[in-house]
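*Asks:* The sequence isn't on hand, but the structure is:
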């Protein structure tokens, strides 16, 4: 289960990074970007038209860089995955009884004489081993059903293949 979640996270991360790279390569320079040149002295400003005196032109971005947004997405995805796994674990732990605890089904209920009082039975909870027994029975039944369906499908495809060969020979 963790491997599936990790694989999905990596796929989402790769898709998001590809989309961001595509967006950055297709869009024009943002209005936040400005052209700057290295600091110039008085003489260099006089010869501003001559590129060999001015120096290289650099782009300065005031916005978020690609790597910053890339790692932000990774961090958010990791935190979201951890949060989801913690919630699932908490739900499972809350809904199952411990292995050594006996199921608490009240055999005798005491009813009060007051008709306005309603009593509610606690929900039936099972242990993990009982749950696994139920799941194993269900998986075995589904496997038998799958085998039957597969056998019938293979028989039908053999019949169809024989008919096709007879028709087109």
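*Replies:* All right, it came through fine. Remember, it's a predicted structure, so these values are computed and weren't measured experimentally.
*Asks:* buried ones in the helix or strand residue 83 falls within?
*Replies:* Per DSSP states H and E, residue 83 falls inside helix 66-95. Across helix 66-95, burial judged by 16 or more other Cβ atoms under 10 Å covers 70, 77, 81. Where you see a C-beta, it was placed from the backbone N, CA and C, and this is true even at glycine.
*Asks:* Tell me, how many residues neighbour the nearest residue to the first one once chain neighbours are set aside?
*Replies:* Read that as residue 70. Nearest non-adjacent residue to residue 70, counting by Cβ to Cβ, 6 or more residues apart in numbering: residue 17, 5.6 Å away. Other residues lying near residue 17 total 15 when counted by other Cβ atoms under 10 Å.
*Asks:* and residue 17, that one's in a helix?
*Replies:* Yes - judged by DSSP: H, G, I helix; E, B strand; the rest coil, residue 17 forms part of a helix.
*Asks:* unless I'm mixing things up, it is touching residue 74, no?
*Replies:* No - with contacts counted by Cβ atoms under 8 Å, residue 17 stays clear of residue 74, the gap being 9.1 Å.
*Asks:* Tell me the confidence at residue 12?
*Replies:* At residue 12, the model reports a pLDDT of 78.
*Asks:* okay but it is in contact with residue 77, surely?
*Replies:* Yes - counting by Cβ under 8 Å, residue 12 touches residue 77, with 6.4 Å between them.
*Asks:* quick one on the thing from earlier: turn the buried residues of helix 66-95 into TSV, including pLDDT.
*Replies:* Shown next, in TSV, are the buried residues of helix 66-95 (pLDDT from 0 to 100):
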residue	pLDDT
70	84
77	92
81	93
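*Asks:* now, which of those sits nearest residue 153?
*Replies:* Ranked by distance to residue 153 (Cβ to Cβ), the buried residues of helix 66-95 are led by residue 81 at 38.1 Å.
*Asks:* Give the rounded mean pLDDT of the longest helix along the chain.
*Replies:* Using DSSP state H, we find that the single longest helix of the chain is helix 128-167. For helix 128-167, the mean per-residue pLDDT is 94.
*Asks:* Could you do stretch 94-110 as well?
*Replies:* Per-residue scores along stretch 94-110 average to 66.
*Asks:* what residues go with each domain of the chain?
*Replies:* 1-36+62-84, 126-169 (automatic domain parsing).
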